[in-house]
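# Coordinates for the following, if possible.
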Amino acid sequence: MQRKTGRSEPPAKIADRASLIQALTVASQLEHGLMLMYLYAAFSMKAFTRELEEYPQPEVLRNKLRDWEARILRVARQEMEHLGFVCNLLTAIGGNQYFDRPNFPQPKQFWPVNLPIELERFSRRTLLRFLAFEKPQHLKDPLIDPLYGAPAKSPRLAASQPIEVRFASIGDLYAQIRRAFETMPEEELFIGPTPVQVSNDTLFGQGSMTKPTYDMFVFKVYDRQSAINAIDEIIEQGEGTLSRGQVTVASLDPDCHYMLFRSVLIDYMGGEDKLRNPLPAFEGARKCVTNPAWELHQDTITRHVFDGKGEQPEMSVAVLTHAWTREVMGITNTAYEILMQMLVRLYTGADSPTEVNGLVQTVFFPMMTMMIRPLSELMSLLPAFQGNTGSYKAGAGFEFFRTIGFLPHKPAAWITIEENLSRNAARFQGAIGSMPPDVSKILTTAGYDPETALPFIGQNLQRIAMNFKSYMSI
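From the prediction side, this is the model:
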């Protein structure tokens, strides 16, 4: 019988291919989820002067919000870059691309960092949660630590099956992955094809590594050093340091994720001396529900359903009931699902250079900037519940109705994607024609011009569908 010493056992070492693939799969899921949480918060922010008229100098406040939104979106774009690096790392060691993740919300225990996984509007509380996700493991931050600190990871002992990695922060997860790439035999580890991987040249054309676009730098992984370089890029952008020892706020890169969120929080609260205040000087976000959804899913079926009456309970799902909002939510979910299907094909590397270019020209960045973003921004303005119960606004739920896997048969894949793009564009055109008066009033009151903005979104959806059909010669 083993005597208990009171000490926690060290985490099991990642020492084989299967365990490394498992850890990278977790990293993929984490990067994907964080990106969506950051996007939801950014898209919930007030964007029109009319939304801020109750406060002095609404124009000034709107400009502040635009600046904070830009910082959050920068982090989200880099999470997308990190997801690309993880895809290349998986390809390099013989793993498969992984774009699945749980629907929102999930309890604290889902990831070892012990933080809730949910879509939440921009707020003091949300920013503190983001800081806890991005915090360097050995950082002592006297301003933030008393407000929200992430608990230590729980241990996991070695087993005969692939281990499920335990980590206290994003940086801790990547530090363990880095050690695996440092110690496992290089000549045995890298067995995947390098040419099919995605790089900046794939996304932006030859020579683009010296011309950063959208703050993205993605390169191919083919040996130990390139793998370590990719992981270091992820750690430095997130935590702002590669140091595994004690670090201070002053030593961190001011443009890292932790420091960007920290600066937004301080600015929003009105200075370092105001951080302990429960509320900021003004409300910067719309009254968006937490975890909006078209319906409950297999992984959220046990969650409480919020109906808009009173305050929303913790870890609940706001199943939307406003008919027109639900239609736009379905269109937004479908657009997101199509995007994921195309990313799987892109990072799997199963297509010809011409087809890869067609995927890139559809996904990066027309779909992201001219489809996903405007639809998500629109969703944050729409009433969540029939009769506008509680005056709650909705938001993009980024729902997975089934597993996002590789569409294996190329001709069928292109036809399926094109059909979904075209059908979604037609559905949006139909929604424009059937918009009820209450929605039109809500949008115009906020400062949103539906007569101009909605046809523009519709034209973008149609154009993207037509271009994809031409790229793939359907």
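# rest of the way, CA atoms for contacts and neighbours
Fine.
# mind checking how far residue 179 is from residue 405?
29 Å (Cα to Cα, to the nearest Å).
# what separates residue 279 from residue 270, distance-wise?
Look at residue 279 and residue 270: by Cα to Cα, they are 10 Å apart.
# Ok, residue 341 next?
42 Å.
# One more: residue 44?
Residue 44 is 20 Å from residue 270, by Cα to Cα.
# okay, those two: which has more neighbours?
More crowded of residue 44 and residue 270, by other Cα atoms under 10 Å: residue 44, with 29 against 15.
# My understanding was that that one contacts residue 394; is that so?
No - with contact defined as Cα atoms under 8 Å, residue 44 does not reach residue 394; the gap is 9.2 Å.
# residues shared between the contacts of those two?
Counting by Cα atoms under 8 Å, 6 or more residues apart in numbering, the common neighbours of residue 44 and residue 394 are 288, 380.
# So, low pLDDT: which residues of the stretch 51-200 of the chain?
149-163 (pLDDT under 70).
# Now with 90, please.
Within the stretch 51-200 of the chain, the ranges that satisfy pLDDT under 90 run 109, 111-114, 137-138, 148-172.
# quick one: the helices in it?
58-92, 124-134, 170-183, 186-189, 200-204 (DSSP state H, counting those that start in this stretch).
# can I get those in JSON lines with mean neighbour count and distance to residue 382?
Putting the helices of the stretch 51-200 of the chain into JSON lines (neighbours: other Cα atoms under 10 Å; distance: least, Cα to Cα, whole Å) gives the following:
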{"stretch": "helix 58-92", "mean neighbour count": "21", "distance to residue 382": "20"}
{"stretch": "helix 124-134", "mean neighbour count": "21", "distance to residue 382": "21"}
{"stretch": "helix 170-183", "mean neighbour count": "20", "distance to residue 382": "34"}
{"stretch": "helix 186-189", "mean neighbour count": "13", "distance to residue 382": "50"}
{"stretch": "helix 200-204", "mean neighbour count": "18", "distance to residue 382": "34"}
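# Dump those to TSV, plus distance to residue 106.
Formatted as TSV, the helices of the stretch 51-200 of the chain follow (distance: least, Cα to Cα, whole Å):
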stretch	distance to residue 106
helix 58-92	20
helix 124-134	14
helix 170-183	17
helix 186-189	34
helix 200-204	33
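# between these, which one is nearest to residue 432?
Smallest distance to residue 432 across the helices of the stretch 51-200 of the chain (Cα to Cα): 27.4 Å, for helix 58-92.
# So which elements touch the closest one?
Here helix 58-92 touches helix 17-43, helix 224-239, helix 257-269, helix 323-348, going by 3 or more Cα pairs under 8 Å, 6 or more residues apart in numbering; DSSP states H and E.
# Run the angle between it and helix 124-134 for me.
30 degrees (axes from the mean of the first three to the mean of the last three Cα atoms, to 10 degrees).
# still on that earlier bit, looking at the helices of the stretch 51-200 of the chain, spot the one closest to residue 19.
helix 170-183 (9.5 Å).
# who's in contact with that closest one?
13-15, 20, 23-24, 27, 133-137, 165-167, 224, 227-228, 231, 235, 238-239.
# mind running it again at 7 Å?
14-15, 20, 23, 133-134, 136-137, 167, 224, 228, 231, 235, 239 (Cα atoms under 7 Å, 6 or more residues apart in numbering).
# Buried subset of the residues you listed, written for ChimeraX?
Entered in ChimeraX, the line below selects the buried ones among these, by 16 or more other Cα atoms under 10 Å:
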select :14,15,20,23,133,134,136,137,167,224,228,231,235,239
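# can I get the contacts of helix 170-183 in a markdown table with distance to residue 334?
Putting those into a markdown table (distance: Cα to Cα, whole Å) gives the following:
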| residue | distance to residue 334 |
| --- | --- |
| 14 | 37 |
| 15 | 39 |
| 20 | 32 |
| 23 | 29 |
| 133 | 28 |
| 134 | 30 |
| 136 | 36 |
| 137 | 37 |
| 167 | 33 |
| 224 | 39 |
| 228 | 36 |
| 231 | 32 |
| 235 | 32 |
| 239 | 33 |
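# from the contacts of helix 170-183, which two are the most distant?
Farthest pair in those (Cα to Cα) is 133 and 224. Separation: 27.2 Å.
# Could you tell me the angle between the host helix or strand of residue 467 and helix 323-348?
If you go by DSSP states H and E, residue 467 is part of helix 450-471. Helix 450-471 and helix 323-348 are oriented at 30 degrees to each other (the same axes, to 10 degrees).
# number of nearby residues for the spatially closest residue to residue 113 that is not a sequence neighbour?
Among residues not flanking residue 113 along the chain, residue 168 sits closest, at 4.9 Å (Cα to Cα, 6 or more residues apart in numbering). Residue 168 has 21 neighbouring residues, counting by other Cα under 10 Å.
# quick one: which of the contacts of helix 170-183 is nearest to residue 69?
residue 134 (17.4 Å).
# which ones are touching the closest one?
By Cα under 7 Å, 6+ apart, the contact set of residue 134 is 169-170, 238-239, 257-258.
# Pipe the residues you listed into JSON lines and attach distance to residue 474 per row.
Formatted as JSON lines, the contacts of residue 134 follow (distance: Cα to Cα, whole Å):
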{"residue": "169", "distance to residue 474": "46"}
{"residue": "170", "distance to residue 474": "42"}
{"residue": "238", "distance to residue 474": "41"}
{"residue": "239", "distance to residue 474": "45"}
{"residue": "257", "distance to residue 474": "42"}
{"residue": "258", "distance to residue 474": "45"}
